[in-house]
Structure formats: C-alpha cells, structure tokens
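Trainee: Just need the structure, nothing else, for what follows:
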Amino acid sequence: MDKDLAKFIKDKKSLPLDPKLVESIMKNSISGLYYLQRIFGFDHRDIKLENLLMKGEVSKLCDFNVSKKTMGHTLMASAIVGTFEFLAPELRELNDRIGPIIGEQINWGKADMFSLGIVALCMMNPKQCIGNILLNKSKLEASKIIADISKSKVYEEWMCSLIEKMIIWDYRSRIDKAQAFEDVYQHMKEIIQQKKEREDSLEKEIKKLEDNIKHLKEEKSNVHQEISTLLSELEQVYIKNLYY
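Mentor: Model prediction:
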C-alpha cells in the first residue's frame, strides 16, 4: 500500500534515509516536475512531504489540485496557494503582506524547486526538520543545514550542491526545473561513463586472467605430459630390474 513520504520517514527505523534512496526520490521528483512543466505546461504549486507517495522505495508525485498551467513563465499573482511550511520565501512574503497581492510576479516553477529543496532537507535531516518544519523561515538556518549535511560527507557533493541551488532565497538566482533536470541528466551521464570505464577496465582484467588461465592450462598440460613420460621411464626401469 502506498504511503506519503512524511509517514514513510516516520515509520523508518533507521534515520536519516539511505543516501541512495534520497537521491532516487530527488531524481524522480525533479524528472516528474520537469516533465509536467515541459510536456503539459503545468507547475505543481504544492510540493511537500505529503504529496510524494512511496510504493516500496519508489516515489511518485501526487495531488495536483492546485496545479496551474503556467507554461514555465512568470505569472501575475492572483492568490497564494501551497502549504505554508514549504512555501518559497517570495510566496511567504506575499502571504504575510497586508493588502492586495494582485499584480505581483511569481515564478511558480522556481517556487516548486524551493519547496522540493525543503523536502530534501527533511529527508536528509529528519530529526531537525520533521515536527519543526518552519526551517525555511530563515535563510541562515536553511543554509546552515545544507552546509552541515555537506560536511558530513554522507551525501554526494553533487546532490548537496543541487539542493543548495534549489533553496537560494532570491528566486532570480534560484535554479529552475530545466536546469535541475540538466544537473540530474549530466550526473547520470557521468555515472554511466564511469560504469563504462569500469566495464572496460574489468574486460581488460578478464582478458589478462583468460590469458593467464590459458598459459596455466598449457603449463599444466606440459607437466602432465612430463609426468606421463617419467612414469613410462619408471616402468621401463622397473621391468629391467625385474628381469635382469
């Protein structure tokens, strides 16, 4: 049965989550959000732990009730949607404002990226984030968490760097979905290249081993032949001694 990511983390006996699992969830989420925007022109607008479903250890996005067709563009604001704890700073600022917000520009795609960055921090450091998820109230606090995570060397440098770009306070400098997807794509290409190089290296080692095995088999055959010759000679000596 599927369960949301918040419950999945809560039910986990060992925390934080395995780095490979966090990486997989982030790759799936970024790919899903980019696909939603690129193919259908929609932004999700309510990324949070509860809107990522886990089936086993495979994640998928859910709850598109407040999704909006933006075609990836910055739009005029008409209302603030999303879950307060995961809102991007620019949305929080508008949410806290007294007075109308109509006419303000919002890049919902980049707001989604910030929200997903907070989700990532919750996976990487659940004890600090779960139950006290207002961590994005402070630029310093969010930056400190990712800096501490990066120093721990538990998570790969590229993943920490990607999340750091997702939680940039100023949305104008924040990574967008296409750039995040490109980061994931390039990382996967690098991994594939590394695997191919390892495969080639192993193939060379196997060839060397096969050559060694061939040489050893030939040596074994020669030794066997020598043993046969010596046995034959021994037999002849025995027969001579027997009759003479």
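Trainee: going forward, measure contacts between C-alpha atoms and count neighbours the same way
Mentor: OK.
Trainee: pLDDT below threshold where in this structure?
Mentor: 1, 13-14, 71-79, 96-104, 127-141, 242-244 (pLDDT under 70).
Trainee: Please enumerate the strands of the protein.
Mentor: Under the criterion DSSP state E, strands of the chain are mapped to 3-4, 42-43, 52-55, 58-61, 68-69, 75-76, 105-106.
Trainee: Quick one, which of the ones you listed gets closest to residue 233.
Mentor: strand 58-61 (71.3 Å; CA to CA).
Trainee: for that closest one, packing partners?
Mentor: With contacts defined as 3 or more CA pairs under 8 Å, 6 or more residues apart in numbering; DSSP states H and E, strand 58-61 has these neighbours: helix 19-40, strand 52-55.
Trainee: Need the contact partners of the longest one.
Mentor: Contacts of helix 19-40 from elsewhere in the structure, counted by CA atoms under 8 Å, 6 or more residues apart in numbering, are 42-44, 57-61, 69-72, 109, 120, 123-124, 154-155, 159, 177-178, 180-181, 184.
Trainee: Using CSV, write down the CA coordinates of it.
Mentor: Taking Å, rounded to 0.1, in the frame of the first residue of the first chain, the C-alpha atoms of helix 19-40 are listed here in CSV:
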residue,chain,number,x,y,z
PRO,A,19,21.6,8.4,0.6
LYS,A,20,20.8,6.3,-2.5
LEU,A,21,17.1,6.4,-1.6
VAL,A,22,17.2,10.2,-1.2
GLU,A,23,19.0,10.5,-4.5
SER,A,24,16.4,8.3,-6.2
ILE,A,25,13.5,10.3,-4.7
MET,A,26,15.0,13.6,-5.8
LYS,A,27,15.8,12.3,-9.3
ASN,A,28,12.2,11.0,-9.7
SER,A,29,10.7,14.3,-8.3
ILE,A,30,12.8,16.6,-10.5
SER,A,31,12.1,14.5,-13.6
GLY,A,32,8.4,14.4,-12.8
LEU,A,33,8.2,18.1,-12.2
TYR,A,34,10.2,18.9,-15.4
TYR,A,35,8.0,16.5,-17.4
LEU,A,36,4.8,18.1,-16.0
GLN,A,37,6.1,21.6,-17.0
ARG,A,38,7.7,20.8,-20.3
ILE,A,39,5.0,18.5,-21.8
PHE,A,40,1.8,19.9,-20.2
